[in-house]
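1. build me a structure from this.
(chains A and B)
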2 protein chains.
Amino acid sequence: MRPVDYPEPFRQLARQLRLLPGIGPRSAERIALWLTAAKDAKPIELAESLREAAEHLKPCSQCGFFATEELCEICRDETRQPEICVVENATDILPIERTGFFRGRYHVLGGRLAPLDNVGPEDLRIAELLKRIAEEIPTEIILALSADVEGEATTNYVAEILSGLQVKLTRIAHGLPAGGGLEHADPLTLQRALAGRNSLRV
Amino acid sequence: MRPVDYPEPFRQLARQLRLLPGIGPRSAERIALWLTAAKDAKPIELAESLREAAEHLKPCSQCGFFATEELCEICRDETRQPEICVVENATDILPIERTGFFRGRYHVLGGRLAPLDNVGPEDLRIAELLKRIAEEIPTEIILALSADVEGEATTNYVAEILSGLQVKLTRIAHGLPAGGGLEHADPLTLQRALAGRNSLRV
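-> Predicted coordinates for the structure are as follows:
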């Protein structure tokens, strides 16, 4: 009697699913079972979507957001203000867009300084930012990086690099989150809230 | 200024991922982001696995387990004992195989009687089971269905159907789970544990 396992195509699918973020071995097997056995599963449609996304999605050559053409929708929009909001990742752009508050364009650094993970200044899209500033002559550059140690370090580094340029340079405010009461705020948040939106240079 | 969202191929991928079991809208977006942006993501390989699984996996024509040929690996294995273990779903087979205790073949009913979900006897592979019994002349038929109300009803129904045949008919024991102490067992489990593995007919 040979030991039995699922057939190879099934195990291959489960292995691929297990690579996805947040999917463990049990979930991978459960999803693979559903995909191969459930009546309303659409494995071919999912395969098609994956192929479409892999083939047609690429980073915007200017800002780094997701694009299907050379430039993304935001960079192509000529009604945008001449302001540049610098973010760490392409995924940081839509949350800002959804506020409806910022009407300029973006620049994705592609990460932040993290010496422990071997991410140095040369890994970030800083040269591209300097090039854009020279060409687009923005009225303001807003640094919108994470409010943690590495984000702070990156903000300070970029601010230092840009310090010689004649452009208004700001960073987003760190402070109380909406709905957060003073009594529940940690001392660091409170300290930053007292300072408000900081102009790094007036 | 136009409202911006992710490009269509991205949203299509997220919509497809959202259909998977246990994947909500946020997870779908997170996985889609990872698949399109992460360095070690392999969307094409995943698409290929999906296609392979959809094209090559089918239910074994005899027992209903996953197969890549007409018969599954278990039904092709000529060293198996002439016993048939009846289960609800194809996914119930490997847990039994992994015990190494049962050395016969299986028969997948394809569900259980559930009047509320419009699942009646004609939706289960009972005719196929009768045909197999007539052809294979098994020495024993073990009913290994769920230990809940619908599983019980299905067990009783199948036992009734098979009652006229000259074949040993058993069902798996219901009782204390491994590692379960008596003090934590519910009365119904304990009641069933007292009875042990029941021969429906000697």
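2. point to the residue nearest the middle of chain A.
-> A:Asn89 (2.4 Å; Cα atoms, centre = their mean).
3. what about the nearest residue to A:Cys85 once chain neighbours are set aside, neighbour count?
-> Of all residues not flanking A:Cys85 in the chain, A:Ile142 sits nearest, at 4.7 Å (Cβ to Cβ, 6 or more residues apart in numbering or on different chains). Quick note: C-beta positions are derived from backbone N, CA and C, even for glycine. Other residues within reach of A:Ile142, judged by other Cβ atoms under 10 Å in any protein chain shown, total 21.
4. follow-up on the earlier one: so the residue nearest to the centre of chain A versus A:Glu70, what's the distance?
-> Separation of A:Asn89 from A:Glu70 (Cβ to Cβ, to the nearest Å) stands at 20 Å.
5. now A:Ser49: which helix or strand?
-> Per DSSP states H and E, A:Ser49 falls inside helix A:43-56.
6. give me the buried stretch members for that helix, please.
-> A:43, A:46-54 (16 or more other Cβ atoms under 10 Å in any protein chain shown).
7. give me the mean pLDDT for the helix or strand following it.
-> As assigned by DSSP H and E, the chain's next helix or strand after helix A:43-56 is strand A:58-59. Mean pLDDT, computed over strand A:58-59, is 89.
8. now stretch A:6-24
-> 91.
9. again, but for stretch A:40-55
-> Mean predicted confidence for stretch A:40-55 is 90.
10. alpha carbons of it, as CSV, please.
-> Provided in CSV are the C-alpha atoms of stretch A:40-55 (Å, rounded to 0.1, in the frame of the first residue of the first chain):
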residue,chain,number,x,y,z
ASP,A,40,-18.6,28.7,-7.6
ALA,A,41,-14.8,28.8,-7.6
LYS,A,42,-13.3,30.4,-10.7
PRO,A,43,-9.6,29.3,-10.8
ILE,A,44,-9.3,30.2,-14.5
GLU,A,45,-10.6,33.7,-13.9
LEU,A,46,-8.2,34.2,-11.0
ALA,A,47,-5.3,32.9,-13.2
GLU,A,48,-6.3,35.4,-15.9
SER,A,49,-6.4,38.3,-13.4
LEU,A,50,-2.9,37.3,-12.1
ARG,A,51,-1.6,37.3,-15.6
GLU,A,52,-3.2,40.6,-16.6
ALA,A,53,-1.9,42.2,-13.4
ALA,A,54,1.6,40.8,-13.9
GLU,A,55,1.7,41.8,-17.5
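11. how about that stretch against chain B, any contact?
-> Yes - on the criterion Cβ under 8 Å from any Cβ of the partner chain, stretch A:40-55 is in touch with chain B at A:40-54.
12. show me how far that stretch is from its chain's centre.
-> Relative to its chain's centre, stretch A:40-55 lies at 24 Å (Cα atoms, centre = their mean, to the nearest Å).
13. now do stretch A:58-72
-> Offset of stretch A:58-72 from its chain centre (Cα atoms, centre = their mean): 13 Å.
14. would you mind listing the buried residues in that stretch?
-> A:59-60, A:62-68, A:72.
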